[in-house]
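In: everything below, folded, please.
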Amino acid sequence: MENKTGKYFKYALGEIILVVIGILIALQINNWNENKKSTKIRNNYYRQVLQDLEKDSIYINRNLIYLDSSLTIYQKYLEKLPEAESINDVIPLIGTLDWEFGYYNFNTNTIESLIFTGDIKLMPDKIKNALLDLRTTQNGIIKTISGNNDVHLKDSQKAIGLGAINYILNINPKLLNQLIREEDMISAINIINGTFQLRDFTDKNLLKDMQYLLESTKELSELINEELNK
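Out: Prediction:
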């Protein structure tokens, strides 16, 4: 009887061990499948982010060239301004200033999707942190340029209201004297000088921020490519 009980116990124990082994194998296969699925999703995100970063790099470089050009134009204006002997001498110089401005926009769809879906948890910490830092820098630049442009637009409208549009269009100074009162011309010139002085200051800071963003974009691209090539 004891012999039969011992055999039954060994048989039951063997069955239990086989079941446990089966469960462990199933869990391992499931984990392998989940890891494979996560890797596929992560790599797809990597490629999308790389595409966004490539577009942003082109966009940033283009804006760096524009910022440098705008700063150079203003510097030339400052160099020539002391040579002006009258208001009429200042008017043509004002027409040479860069009156254009725009609002910045970066390719953030993939980063926003990662955050919204929670899939950013699939990323290694170094890439996740780099993505979040990049997004913070981008948002900071967008906020800064938006604020700067709002001030520039508001002050430009004041100057235009005083007749500055005629300066921009380089209307003949003699005709301009007949169109605008001298005190309005002086007020408009002062507003314009103040506006572009502020813009020069903010554009210099923006230039540094954009250079930093370009470097951050490059570093993130390198990190992602390293992960893809593992």
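In: tell me which element the spatially most central residue of the chain is part of?
Out: Centroid check for the chain by CA atoms, centre = their mean gives Q138 as the closest residue, at 3.0 Å. Using DSSP states H and E, Q138 sits within helix 125-161.
In: for that helix, name the packing helices and strands.
Out: Counting contacts by 3 or more CB pairs under 8 Å, 6 or more residues apart in numbering; DSSP states H and E, helix 125-161 packs against helix 109-117, helix 182-228. C-beta coordinates here come from the backbone N, C-alpha and C atoms, glycine included.
In: which stretch among the ones you listed is buried most, on average?
Out: Comparing these by mean neighbour count (mean count of other CB atoms under 10 Å), helix 182-228 ranks first with a mean of 16.
In: against which helices or strands is that one packed?
Out: Short answer (3+ CB pairs under 8 Å, 6+ apart): helix 182-228 packs on helix 2-80, helix 87-94, helix 125-161.
In: what do you get if the cut-off is 10 Å, keeping everything else the same?
Out: Secondary-structure packing of helix 182-228 (3 or more CB pairs under 10 Å, 6 or more residues apart in numbering; DSSP states H and E): helix 2-80, helix 87-94, helix 125-161, helix 165-168, helix 173-179.
In: tell me who's in contact with the closest residue to L134 other than its chain neighbours.
Out: In space, L134 comes closest to S216 once its chain neighbours are excluded; the distance is 5.5 Å by CB to CB, 6 or more residues apart in numbering. Neighbour list for S216: L53, A130, D133, L134, T137, Q138 [criterion: CB atoms under 10 Å, 6 or more residues apart in numbering].
In: low-confidence regions, the chain specifically.
Out: Filtered on pLDDT under 70, the chain yields the residue ranges 1-20, 22-35, 159-182.
In: list the buried residues in stretch 78-94.
Out: Neighbour-count burial for stretch 78-94 flags I87, V90, I91, L93, I94 (criterion: 16 or more other CB atoms under 10 Å).
In: what's near enough to touch the residue nearest to G102 when sequence neighbours are not counted?
Out: Among residues not flanking G102 along the chain, N149 sits closest, at 7.6 Å (CB to CB, 6+ apart). If you count contacts by CB under 10 Å, 6+ apart, N149 has them with F101, G102, Y103, Y104, S156, R199, T202.
In: mind listing what the nearest residue to the fifth one once chain neighbours are set aside touches?
Out: By that I understand S156. Excluding the flanking residues, the one nearest S156 by CB to CB, 6+ apart is T195, at 6.3 Å. Taking CB under 10 Å, 6+ apart, we find T195 in contact with L97, W99, V151, H152, L153, K154, D155, S156, K158, A159, A164.
In: how many neighbouring residues does the first one have?
Out: L97 has 19 neighbours, counted by other CB atoms under 10 Å.
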